[in-house]
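> I would like to see how this sequence folds:
(chains A and B)
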Amino acid sequence: QSVLTQPPSVSGAPGQRVTISCTGGDSNIGARYDVHWYQQLPGTAPKLLIYGNNNRPSGVPDRISGSKSGTSASLAITGLRAADEADYYCQSYDSSLSAVVFGGGTKLTVL
Amino acid sequence: QVQLIQSGAEVKKPGTSVKVSCKASGYTFSSYGIIWVRQAPGQGLEWLGWIAPYSGSTNFEQKFQDRITMTKDTSTSTAYMELGSLRSDDTAVYYCARGISPTHGFDMWGQGTMVTVSS
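Residues are numbered from 1 along each chain as shown, chains lettered A, B, ... in the order given. As a prediction, the model looks like this:
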């Protein structure tokens, strides 16, 4: 059972917009710890997609965005492409556990 | 360029230990900490622990505290993670990644090391 809760799967057609939610609690996201997002393509290491809630590392396109409100965060991908098909993970820090925490991951399928 | 290169795949017997290395290049090793994360087959990411820059202090996921060690050798820019008392459910891909602190994102990851625990 992950500390951060994500939907197991989401899907969308090419060109559409999808969002992935990440719900935490008062000791992590709600405690104002930043949320970060990773993309993991099959058989590869995770790649940082969004850091500090809504910042994109160099090379990540602006059709990918992040937001945070209260005890939740979201990742949005617009203009879906087949290459976006991957697993996506949110990550934060939990002060009660003194631990880095991950969401359980969301599999994005491009129809 | 910035890289983290991990040691190769390991096959271990239950009850033994494994030591995975993570060699950094392309940046000032002592300015960043290293986290270790594992991923069992078909499962999500699980945090194991963190070793801080400069001080080398560590903190671990509670469930691993009695059987995990994390060290670093600044002279070779290499971090190490050793997990003991291996069980079959420790079979996973083990990743290292760099970060400024445990509350920040981790912007560079190693390629992963497959550890298989089998009798």
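> and stretch B:52-60, anywhere near chain A?
Yes. Residues of stretch B:52-60 are located near chain A by CB under 8 Å from any CB of the partner chain, namely B:N59. In short, each C-beta sits where N, CA and C put it, glycine included.
> how long is that stretch end to end?
End-to-end distance of stretch B:52-60 (CA to CA, to the nearest Å): 11 Å.
> so B:A92 touches B:Q39, yeah?
Yes. Look at B:A92 against B:Q39 with CB atoms under 8 Å: they come within range, at 5.7 Å.
> So for the two, which residues contact both of them?
Common contacts of B:A92 and B:Q39 (CB atoms under 8 Å, 6 or more residues apart in numbering or on different chains): B:E46.
> burial measure for residue 94, as a count.
Since no chain was named, I'll use chain A. 21 (other CB atoms under 10 Å in any protein chain shown).
> wrong chain, I was asking about chain B
Applying other CB under 10 Å, we find 24 residues neighbouring B:Y94.
> What of the one 10 residues further on?
Other residues lying near B:H104 total 19 when counted by other CB under 10 Å.
> dump the residue contacts of it.
By CB under 8 Å, 6+ apart, the neighbours of B:H104 are A:34, A:36, A:51-52.
> who touches A:V18 in this structure?
A:10-12, A:76-77, A:80, A:108.
> typo on my end, it should be A:T23
Shown in contact with A:T23 (CB under 8 Å, 6+ apart): A:4-6, A:29, A:71-72.
> try B:Y32
B:24, B:53, B:98-100.
> cool, B:G110 as well?
So B:G110 contacts A:45, B:4-6, B:22, B:95-97 (CB under 8 Å, 6+ apart).
> again, but for B:A92
Counting by CB under 8 Å, 6+ apart, B:A92 has contacts B:38-41, B:43, B:46, B:114-115.
> and those residues as a markdown table, adding secondary structure?
Shown next, in a markdown table, are these (DSSP: H, G, I helix; E, B strand; the rest coil):
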| residue | secondary structure |
| --- | --- |
| B:R38 | strand |
| B:Q39 | strand |
| B:A40 | coil |
| B:P41 | coil |
| B:Q43 | coil |
| B:E46 | strand |
| B:M114 | strand |
| B:V115 | strand |
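> Neighbour-wise, which one of these leads?
Neighbour counts for the contacts of B:A92 (other CB under 10 Å) peak at B:R38, which has 23 neighbours.
> hmm, back to that, in PyMOL, select just the buried ones from the contacts of B:Y32.
To isolate the buried members of the contacts of B:Y32 in PyMOL, using 16 or more other CB atoms under 10 Å in any protein chain shown:
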select buried, chain B and resi 24+53+98+99
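> okay, who's weakest in the contacts of B:Y32 by pLDDT?
Least confident by pLDDT among those: that is B:P53, with 87.
> what's the closest of the contacts of A:T23 to B:T76?
A:L4 (34.9 Å; CB to CB).
> and the residue nearest in space to the middle of chain B, helix, strand or coil?
Central residue of chain B (CA atoms, centre = their mean): B:W36, 3.4 Å from the mean position. Counting by three-state DSSP, the backbone at B:W36 sits in strand.
> Quickly note the distance from it to B:F64.
9 Å (CB to CB, to the nearest Å).
> Identify the contacts common to the two.
Residues touching both B:W36 and B:F64 by CB under 8 Å, 6+ apart: B:48-49.
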